[in-house]
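Colleague: Below are the sequence and a predicted model for it; my questions follow.
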Amino acid sequence: MTKKHHGTHLIDYVKAWPQFLLPHHWLCNTMHYITRIRTPIIKNTLISWFAKQYGVDMSEASHSDATAYEHFNAFFTRSLKPEARPACEQVNALLSPVDGAVSQVGVIEQGRIFQAKGRSYSLLELIGGDQQLAREFDNGSFITLYLSPKDYHRIHMPLNGNLKHMLHVPGRLFSVSAATTRVVNRLFARNERVVNLFESASVGDFYVILVGALFVGSMETVWHGPVTPPHGGFLKRWDYDSTDAAFSFNKGQEMGRFNMGSTVILVFKPGTVHWSGELTVDTPVKIGQKLGEMVS
């Protein structure tokens, strides 16, 4: 599989290092408030500016009138028309859970996941410290998918799965831009995240991990509702009955969303997934697109 590495430049440090001094959670809480203002002149001005600034395609949205949304966050997490994202119908296809771009894709080597040239982070730390599960997933496959501001920000299932547990892992909220990933060590294992473990008849256990970022740390799932905020505190865990139909999800079904956006990481056990050969750094992806195949 071809990998493309971007070198680190001085401008990356200029952009990234001031973030160490910022009050991440205060900024995120402030943004959380602003994006839920319902005053028409304020929310419509925000929505109109954002849609123009980032070239948002409202023709794909279920409701194409951007000013009809009750507040900015409702616009940001807008649903799409059913026909806007046709899913690959190949039975053993593993589908993209988000609109975005590939940040990295590859194999977990010696318990570490590649972040950017010269940088990696611990699988054990990423999943919340479960040593047994970390051993089971070592030498497995991962893909990191970055959502830009203009992207659709709901998250869908890459394959059929039954939920086993969810963790809220507190942490920082660094930006997850390309420049920051090249500079900040262990970025995705430092940022606040929601770690979801599913089991599947086709690949066994797999992870869908939602990673928060600067200004965009609010995450929720369809079974729990908002997980963050509040931010910080201690690691929290929720266990679920994976035999309960309420926690069984079909491929392509919505499973969560970013209230604002960030990154999703998929993690699979060894020998269960084969990535498509055309996936490289910065490859754009859409929900329902084939990312690879499940190995039977």
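Modeller: Arrived safely.
Colleague: Going by C-alpha atoms from here, please, whenever you check contacts or count neighbours.
Modeller: Fine.
Colleague: Tell me who's in contact with the residue most central in space within the chain.
Modeller: In the chain, the residue lying closest to the centroid (C-alpha atoms, centre = their mean) is residue 264, at 2.1 Å. Counting by C-alpha atoms under 8 Å, 6 or more residues apart in numbering, residue 264 touches 98, 144, 145, 146, 208, 209, 210, 211.
Colleague: partner residues bridging it?
Modeller: Beta-bridge pairing for residue 264 (DSSP bridges): residue 145, residue 210.
Colleague: can you pull the pLDDT of it?
Modeller: Listed pLDDT for residue 264 reads 95.
Colleague: Excluding covalently adjacent residues, which one is nearest to residue 220?
Modeller: residue 226 (4.0 Å; C-alpha to C-alpha, 6 or more residues apart in numbering).
Colleague: Name the SS class of that neighbour, please.
Modeller: strand (DSSP: H, G, I helix; E, B strand; the rest coil).
Colleague: ok, it - how many residues close by?
Modeller: Applying other C-alpha atoms under 10 Å, we find 16 other residues in the vicinity of residue 226.
Colleague: Kindly report the same for residue 185.
Modeller: 16.
Colleague: mind listing what it touches?
Modeller: 119, 120, 121.
Colleague: now the contacts of residue 264: which count as buried?
Modeller: 98, 144, 145, 146, 208, 209, 210, 211 (16 or more other C-alpha atoms under 10 Å).
Colleague: Do you know the pLDDT at residue 18?
Modeller: In this prediction, residue 18 has a pLDDT value of 62.
Colleague: got it, and residue 176?
Modeller: For residue 176, pLDDT reads 70.
Colleague: From residue 228, how far out is the closest residue to it other than its chain neighbours?
Modeller: In space, and not counting its chain neighbours, residue 176 is closest to residue 213: 6.1 Å by C-alpha to C-alpha, 6+ apart. Look at residue 213 and residue 228: by C-alpha to C-alpha, to the nearest Å, they are 12 Å apart.
Colleague: Lovely, talk soon.
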